[in-house]
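S.K.: what follows is a protein structure lacking sequence information:
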């Protein structure tokens, strides 16, 4: 069976790019192939893969179906700035997150929510992000540790604290002791994508499209000390299907956060 993707470099690769490409190849367990002046479509055809992970001097990106996926802290910068200015971040409010808390993000994606949570939890807290897509997990793991472009020290430190686990979140939850995290968080791919979500399009080729399961929520309730939180579109039927009866979010925001607070929890 051929690999899902291959790893290569830009057309002009130096030693740093070759070293990083070798890391991605080993991390993903896929071939590292020479660029040999070929275009990306030509590499896809030659190796019979769906995508190509390219390491260039600029960044590491995954190319698939004409879309480019790469790590960037995106809205995390803005959200952290707004938190510092005293504005409400609805995810943080839904989590009732405090410095020193432990958060398990079961759907890491590009790590934006995990970065914001890490900033609030601080250096005494802990944020673990679970991502089932190997390509996405590798890109984000590398990006969280190395991104520095016009980033504040607080943002860099918040990203660097996040622990990335490449695994199916249900399997991972089952292995954890009871009440080992303060908050367990889910942000699955929305059942009805938002109309203006072009920035998410590259993610769709690698992210797990499966709906969140009732069993995963039950395991999350076992693992959480205080609460389980899920992000979805405001009118989503997923909240009621999965038992999230308390819904919070900005009045004009298209997304909302479902909360299941554990009986006897302090937050």
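M.R.: Right, received. Where do you want to start? Predicted model only: the values in this text are computed from it and were never measured. Numbers count the residues shown, from 1 in each chain.
S.K.: following element in sequence after the longest strand seen in the chain, please.
M.R.: Across the chain, the longest stretch assigned as strand under DSSP state E is strand 224-233. Reading on from strand 224-233 to the C-terminus, the next helix or strand found by DSSP states H and E is helix 238-242.
S.K.: re the thing from before, what's the longest strand of the chain packed up against?
M.R.: If you count contacts as 3 or more Cβ pairs under 8 Å, 6 or more residues apart in numbering; DSSP states H and E, strand 224-233 packs onto helix 90-95, strand 181-186, helix 214-223, helix 238-242, strand 255-261. Every residue, glycine included, has its C-beta placed from N, CA and C.
S.K.: just the ones you listed: most buried one?
M.R.: Counting by mean count of other Cβ atoms under 10 Å, strand 181-186 has the highest mean neighbour count of the helices and strands packed on strand 224-233, with a mean of 26.
S.K.: can you list contacts of it?
M.R.: Identification of contacts with strand 181-186 by Cβ atoms under 8 Å, 6 or more residues apart in numbering yields 91, 95-97, 101-107, 113, 117, 126, 128, 169, 173, 212, 216-217, 220-221, 223-231, 267.
S.K.: average pLDDT for the helix or strand residue 119 falls within?
M.R.: Here residue 119 sits within helix 112-121, counting by DSSP H and E. Across helix 112-121, pLDDT averages out at 98.
S.K.: low-confidence bits of the stretch 151-267 of the chain, can you list those?
M.R.: For the stretch 151-267 of the chain, the stretches with pLDDT under 70 are 190-205, 264-267.
S.K.: which parts of this structure are helices?
M.R.: Under the criterion DSSP state H, the chain contains helices at 15-28, 40-47, 75-84, 90-95, 112-121, 134-146, 153-161, 169-175, 214-223, 238-242.
S.K.: just want the angle from the fifth one to helix 153-161.
M.R.: Between the axes of helix 112-121 and helix 153-161, defined by axes from the mean of the first three to the mean of the last three Cα atoms, to 10 degrees, the angle is 110 degrees.
S.K.: residues of helix 112-121 that come out buried?
M.R.: 112, 113, 114, 115, 116, 117, 118, 119, 120, 121 (16 or more other Cβ atoms under 10 Å).
S.K.: what angle sits between it and helix 134-146?
M.R.: With the same axes, to 10 degrees defining the directions, helix 112-121 sits at 40 degrees from helix 134-146.
S.K.: please shift the residue numbers so they start at 4 in all later answers.
M.R.: With 4 as the first residue, the last one maps to helix 115-124.
S.K.: what helices or strands is helix 115-124 leaning on?
M.R.: Helices and strands touching helix 115-124, by 3+ Cβ pairs under 8 Å, 6+ apart, are helix 78-87, helix 93-98, strand 105-108, strand 129-134, helix 156-164.
S.K.: show me how far the third one is from its chain's centre.
M.R.: Spelled out, that is strand 105-108. 12 Å (Cα atoms, centre = their mean, to the nearest Å).
S.K.: ok, that strand: who's next to it in the sheet?
M.R.: strand 129-134 (parallel), strand 184-189 (parallel) (DSSP bridges).
S.K.: which outside residues touch it?
M.R.: By Cβ under 8 Å, 6+ apart, strand 105-108 touches 98, 100, 116-117, 120-121, 124, 128-133, 176, 179, 183-188, 190, 223, 226-227.
S.K.: go on, the last one?
M.R.: If you take Cβ under 8 Å, 6+ apart as the criterion, helix 156-164 is touched by 76, 79-80, 83, 114, 118-119, 121-122, 126, 128-130, 146-148, 150-151, 154.
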